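S.K.: sequence and predicted structure, then a few things I'm wondering about:
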Amino acid sequence: MQSLWMLFASFMFAIMGVCVKLASELYSTSEIVMYRGIIGMSVMGCTILYQGGSFKTTMPGQHLWRGVVGVIALWLWFYAIAILPLATAMTLNYMAPIWIAVILLAGGWWKGMQQVEWPLVAAIAMSFVGVTLLLQPVFESDQLAGAITALISGMLSALAYLQVRKLGLLGEPEYRVVFYFSVVNFLAGVIGHVASAGGGPVVWHAHTSAYGIGLLAAIGLCATMAQMAMTRAYRLGKTLVVANLQYTGIVFSSFWGVVIFGDLFDWHGWAGIGVILASGIAATYYNTRNTARGAAIARTDPIASEV
């Protein structure tokens, strides 16, 4: 049942995506990242103090790597959400398991494992067919930059998810993982906003309405709850179940995109989403269950069991 934490995390991430898209009309991406970090730090800091936990960690380097990669992925994802249909941005970001499969294949080949695992190659190839179908309208519009950004975000998310798993297996509690990720969010948001001024005066958007404040609060709270649930799921849940349950985020975001933003897809878009979803599930299943290499890697390097 611990794997069901990923279902809750996917729902919260979808709600966060809705709020990010709405907030992007009022605030810059760097400001949204910063406020997401402030709320995350506040919530997790109070939680740690209330539960008598400790801020002290023996693996600052691991946290830094997870934070830097994760915040870049988050930043790019927020940017993509602002300019793409919600379901498109979410689907491209949720290609992380496919990218992990690519990483594992490339790593195996680099280490001299010449065996080509054709089912996994086929799953990866089909996922990119799905991307082409999903992005066909984008190629005819001004949203290509957003699509590329979302793809890169998914690649970096793959590295971040692997690091989350590694921290959990090393015994780091999820509250500390989420807290330090929020710290990096805050610092990156501030630095990014100051840098975007280009040496000129730094202008922060004023909070002129409860609506804007509410959106920022919702982003921070939903993201924090989702991070906690995701970290717990990856640490305690069954790898295959957890990895596949994350795809429910595509379903949630598609629903919200249609209901709230009136996003409409032709058959290319829905087919693309379906192909990407099926390819990701197939890659996950094959690499964790059907190959001796996957089993061996899972024993020697547990973070590889993400896919």
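M.R.: Ah, there it is.
S.K.: show me where the stretch 101-250 of the chain has its helices.
M.R.: Assigned by DSSP state H, counting those that start in this stretch, the stretch 101-250 of the chain shows helices spanning 118-134, 144-169, 174-196, 210-236, 239-245, 248-261.
S.K.: just put those helices in CSV and tack on mean neighbour count.
M.R.: For the C-beta atoms, the positions are set from N, CA and C on the backbone; glycine is no exception. Converted to CSV, the helices of the stretch 101-250 of the chain look like this (neighbours: other C-beta atoms under 10 Å):
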stretch, mean neighbour count
helix 118-134, 18
helix 144-169, 21
helix 174-196, 20
helix 210-236, 21
helix 239-245, 21
helix 248-261, 19
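S.K.: mind checking which of those helices is nearest I103?
M.R.: helix 144-169 (6.6 Å; C-beta to C-beta).
S.K.: what's the closest one packed up against?
M.R.: helix 60-83, helix 86-93, helix 96-110, helix 174-196, helix 210-236 (3 or more C-beta pairs under 8 Å, 6 or more residues apart in numbering; DSSP states H and E).
S.K.: out of those helices, the one nearest F11 is which?
M.R.: Nearest to F11, of all those, is helix 210-236, at 8.1 Å by C-beta to C-beta.
S.K.: just want the angle from the closest one to helix 144-169.
M.R.: Interaxial angle, helix 210-236 versus helix 144-169 (axes from the mean of the first three to the mean of the last three C-alpha atoms, to 10 degrees): 50 degrees.
S.K.: helix 210-236 - contacts with which helices or strands?
M.R.: helix 5-23, helix 29-50, helix 144-169, helix 174-196, helix 239-245.
S.K.: can I get these in TSV with mean pLDDT and distance to T224?
M.R.: TSV is the format used below for those (pLDDT from 0 to 100; distance: least, C-beta to C-beta, whole Å):
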stretch	mean pLDDT	distance to T224
helix 5-23	92	9
helix 29-50	93	5
helix 144-169	84	14
helix 174-196	91	6
helix 239-245	69	19
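S.K.: select, out of the ones you listed, the one closest to I276.
M.R.: The stretch from those with the least distance to I276 (C-beta to C-beta) is helix 144-169; that distance is 10.1 Å.
S.K.: now do the closest one: distance to the chain's middle.
M.R.: With C-alpha atoms, centre = their mean, to the nearest Å as the basis, helix 144-169 stands 6 Å off its chain's centre.
S.K.: what's the angle from it to helix 118-134?
M.R.: Using the same axes, to 10 degrees: helix 144-169 against helix 118-134 is 140 degrees.
S.K.: specify the angle between helix 144-169 and helix 86-93 in degrees.
M.R.: Using the same axes, to 10 degrees: helix 144-169 against helix 86-93 is 50 degrees.
S.K.: pretty sure F13 contacts A226?
M.R.: Yes: the pair F13 / A226 is scored as a contact, 4.7 Å apart, by C-beta atoms under 8 Å.
S.K.: which residues does L245 contact?
M.R.: By C-beta atoms under 8 Å, 6 or more residues apart in numbering, the contact set of L245 is 3-4, 6-7, 10, 233.
S.K.: PyMOL command to pick out the buried ones of those?
M.R.: Selection of buried members from these for PyMOL, criterion 16 or more other C-beta atoms under 10 Å:
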select buried, resi 3+6+7+10+233
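S.K.: same list (the contacts of L245) but as a markdown table, adding distance to L156.
M.R.: Shown next, in a markdown table, are these (distance: C-beta to C-beta, whole Å):
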| residue | distance to L156 |
| --- | --- |
| S3 | 24 |
| L4 | 26 |
| M6 | 19 |
| L7 | 24 |
| S10 | 19 |
| A233 | 20 |
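S.K.: what's the most distant pair in the contacts of L245?
M.R.: For these, the farthest-apart pair by C-beta to C-beta is S3 and S10; their separation is 11.7 Å.
S.K.: rewinding a little: and the helices of the stretch 101-250 of the chain as a markdown table, adding distance to I83?
M.R.: Listed next are the helices of the stretch 101-250 of the chain as a markdown table, based on distance: least, C-beta to C-beta, whole Å:
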| stretch | distance to I83 |
| --- | --- |
| helix 118-134 | 15 |
| helix 144-169 | 4 |
| helix 174-196 | 17 |
| helix 210-236 | 17 |
| helix 239-245 | 28 |
| helix 248-261 | 12 |
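S.K.: separation between the spatially most central residue of the chain and W99?
M.R.: With distances taken as C-alpha atoms, centre = their mean, S157 lies nearest the centre of the chain, 5.0 Å away. Look at S157 and W99: by C-beta to C-beta, to the nearest Å, they are 8 Å apart.
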